[in-house]
Every structure is written in C-alpha cells, then in structure tokens.
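> I would like to see how this sequence folds:
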Amino acid sequence: MKSHQTTQTMKPATAAKKLGVYLPATPAEFQEGVVSRAELNELQADPPEWLRELRRNGPHPRPVVAAKLGVSIAGLARGGMTEPLTTEQIETLKQERPEWLEKEQATQADVRKEAARLKEKKAEAEGS
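This next block holds a predicted model:
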C-alpha cells in the first residue's frame, strides 16, 4: 500500500476563524478558494497587508470583539451586539462603558475567579 501525504485544506470560513478575522471582510479570492495548511501557516507567519489591516481595524468577528471587551460571546448577544465591530467601535464602547458592558465584564470576571478557584481546589486535591 502506497503512503502518500495528502494536503489538508480547509474552507475559507475555517481559515478565517483560525486567523481571527471576519470572513465577509476578506478579499473575494480568499472567500472563494480553499486554504491549505501550508497557506494558513504562511498567512500567520507573514500576513499580507489585507490581513494586517483587518486585524488592526476590523470589522472583527464576535469572538475577537468579546475578547477585546472582556466579555463572553453570550454577553455580547445579551448586550445586543450581534454584528461585527470595528476597532474604533470597540474603543468607543470601552470609553462610553454602557451598563450592559459593565455588567457583562463583572460577570466574566466572576467566571474567571470561579474557574481559578476550582483549578486551585483540584490541584490541592491531586496533591494530597
């Protein structure tokens, strides 16, 4: 049986997710093609100008928006933020600090504290 190396390819949506960019904002040739693992690695190692621009200014996909605001994706939805946001829009929200954002940031902080507490408790249990 011959062994041959297959080139792994992924759909543009998967590649965009791995690159942390909003697919509809990428160039048409990116959206319409397939991306090999090697191409993805090259994009990550030496991003072209369009990718650097998207990462810098957006629009950003929800996971990136949530991370930049310090909230969960569900928290974004509860705050009515269902569309991608630009870096400028994110900065405006950070400055304006709407009530929903403050509430969701507090919730996220509580979630992180609880996760850290559980991790510590588990480490203590394993150490005994």
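> Longest helix in this protein, please.
Looking across the chain with DSSP state H, the single longest helix is helix 99-127.
> Please point out which parts of that one sit buried.
100, 101, 104, 105, 108 (16 or more other CB atoms under 10 Å). Every C-beta, even on glycine, is put in place using the N, C-alpha and C of the backbone.
> Quick one: the helices in the chain, in order.
12-19, 28-32, 37-45, 49-57, 62-69, 73-78, 87-96, 99-127.
> would you list those in CSV and tack on mean pLDDT?
Listed next are the helices of the chain as CSV, based on pLDDT from 0 to 100:
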stretch, mean pLDDT
helix 12-19, 93
helix 28-32, 93
helix 37-45, 93
helix 49-57, 95
helix 62-69, 94
helix 73-78, 94
helix 87-96, 96
helix 99-127, 91
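> In contact with residue 93, which residues?
Going by CB atoms under 8 Å, 6 or more residues apart in numbering, residue 93 touches 69, 85, 101.
> Closest one of those residues to residue 36?
residue 85 (30.3 Å; CB to CB).
> So in terms of bridging, what pairs with the closest one?
On the basis of DSSP bridges, residue 85 is bridged to residue 60.
> Tell me if I'm right that it and residue 63 touch.
No - checked against CB atoms under 8 Å, the pair residue 85 and residue 63 is beyond contact range at 11.9 Å.
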